[in-house]
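# Give me the fold of what follows.
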Amino acid sequence: MRLFRRLAHSGLATLFALALPLAQAQAQDCVLFSGMKHCSVGGAKLVVDGKELLAQLPDASGKDGVSVDTEQAKGWSAAVAHEPSGEARESTVKTVVSGGKVVGTSIVTDTSEGQEFSASFVDADGKPTTYSAMVFLGGKLVASVSGLPSGSVGAKSIAGFGRPACTTLNYRACMKLCGGGSIECNYCKIPCRHAVDSNPWVLGNGQYPHLDFSYQSPFGPFSVGDTIKAMPEIVMGDLLVLVSDVPSAGDAQDIDQVLVQSTAKAVSLSGETVSR
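Purely as a prediction, here's the structure:
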């Protein structure tokens, strides 16, 4: 059974235990891209194609991908696209390593109905903690829910409403699915951005660094919180943030590595940036 199907039942604990050893035991397939060292995870093969880094993945296990050496950054972001494997559900996972430990993980699962977003975080003692899902539109908070269990689905974006703003697919796969002209399918040239930050969110008791994952979704409508309800509340947004409800492990977290793994045939990074 594939890794991400197991995660649906066991949460992200398995991935927390798995991701760091994979990063440490990776092969010597490393390249310099966007001024940072990128190394293969598992059996991935890395190819730099102009302004894009492509990680070609040998199978749909979800164990393969790329590790980005962010060198104690405060934030990392990139446009992320994938080549579909043909499965009904395609999952991409980002894992954050700080001080040699996994401190946060988030999974995005693409389905025919849209996307599902989940996350896991740990506190200063390494124990799982809850998190919040927040939807923004034009920089304004339009919906939020706190106290989500680590590993749970915190939000969903819903397909089928208007023209997408960006794509999670590579250009060829997106154009094939779009089936329109250059104007209608212009979004196929705009891969959606993913980001990780250690920000001083004002949550709970005072101002401390809280690790968060943020996502630009192709679709405008989101539901947050209890997404398995028969009639979930739907809001329009252009950005989703999943943030830990407690301060990041330690007094202040630097992001040393970001691992991107996927069940797809390939995953690409472009427009990659870090903040310090």
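
# So which residues of the stretch 51-200 of the chain form helices?
All helices of the stretch 51-200 of the chain, identified by DSSP state H, counting those that start in this stretch, fall at 171-178.

# where does it have low pLDDT?
200 (pLDDT under 70).

# Run through who's touching stretch 173-180.
Stretch 173-180 is contacted from outside by 83, 84, 167, 169, 184, 185, 187, 188, using C-beta atoms under 8 Å, 6 or more residues apart in numbering. C-betas here are computed from N, CA, C, even on glycine.

# Next, find the distance separating the third one from residue 61.
Counting by C-beta to C-beta, to the nearest Å, the gap between residue 167 and residue 61 amounts to 24 Å.

# Of those two, which one has the most company?
residue 167 (23 against 15; other C-beta atoms under 10 Å).

# Please determine how far the residue lying closest to the more buried one once chain neighbours are set aside is located from residue 131.
Distances taken as C-beta to C-beta, 6 or more residues apart in numbering put residue 174 closest to residue 167, at 4.4 Å, once the chain neighbours are dropped. Computed as C-beta to C-beta, the residue 174 to residue 131 distance reads 30 Å.

# again, but for residue 158
For residue 158 relative to residue 131 (C-beta to C-beta), the value is 21 Å.

# These two: who's more crowded?
residue 131 (30 against 16).

# isn't the more buried one right next to residue 150, touching?
Yes: with contact defined as C-beta atoms under 8 Å, residue 131 reaches residue 150; the gap is 6.7 Å.

# Now list whatever residues contact both of the two.
Joint contacts of residue 131 and residue 150 (C-beta under 8 Å, 6+ apart) are 119, 120, 121.

# Name every strand pairing with the strand or helix carrying residue 273 and say which way it goes.
Under the criterion of DSSP states H and E, residue 273 resides in strand 266-275. With DSSP bridges as the test, strand 266-275 is paired with strand 52-56 (antiparallel), strand 75-83 (antiparallel).

# Now mean neighbour count and distance to residue 268 too, for these, in a markdown table please.
Formatted as a markdown table, the strands paired with strand 266-275 follow (neighbours: other C-beta atoms under 10 Å; distance: least, C-beta to C-beta, whole Å):
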| stretch | mean neighbour count | distance to residue 268 |
| --- | --- | --- |
| strand 52-56 | 21 | 5 |
| strand 75-83 | 22 | 5 |
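
# quick one: contacts for the residue positioned nearest the centre of the chain?
Computing the C-alpha centroid of the chain and ranking residues by C-alpha atoms, centre = their mean puts residue 94 first, at 4.8 Å. By C-beta under 8 Å, 6+ apart, the contact list for residue 94 reads 105, 106, 194, 196, 213, 258, 259, 260.

# Which of these ranks first by neighbour count?
Going by other C-beta under 10 Å, residue 258 tops the contacts of residue 94 with 28 neighbours.

# Let me see the backbone angles for that one.
phi -120, psi 120 (degrees, to the nearest 10).

# measure it to residue 67 for me?
7 Å.

# Same question for residue 146.
Taken as C-beta to C-beta, the span from residue 146 to residue 67 is 31 Å.

# Check residue 113 too.
31 Å.

# of these two, who's got more company?
Shown here are residue 113 and residue 67; by other C-beta under 10 Å, residue 67 has more neighbours (25 against 12).

# about what we covered before: any of the contacts of stretch 173-180 buried? List them.
83, 84, 167, 169, 185, 187, 188 (16 or more other C-beta atoms under 10 Å).

# got the residues you listed as TSV, with distance to residue 218 columns?
Below are those laid out as TSV (distance: C-beta to C-beta, whole Å):
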residue	distance to residue 218
83	16
84	14
167	6
169	9
185	12
187	7
188	10
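
# picking that back up, as JSON lines, the contacts of stretch 173-180 with distance to residue 140 would be great.
Shown next, in JSON lines, are the contacts of stretch 173-180 (distance: C-beta to C-beta, whole Å):
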{"residue": "83", "distance to residue 140": "35"}
{"residue": "84", "distance to residue 140": "33"}
{"residue": "167", "distance to residue 140": "25"}
{"residue": "169", "distance to residue 140": "29"}
{"residue": "184", "distance to residue 140": "29"}
{"residue": "185", "distance to residue 140": "29"}
{"residue": "187", "distance to residue 140": "23"}
{"residue": "188", "distance to residue 140": "28"}
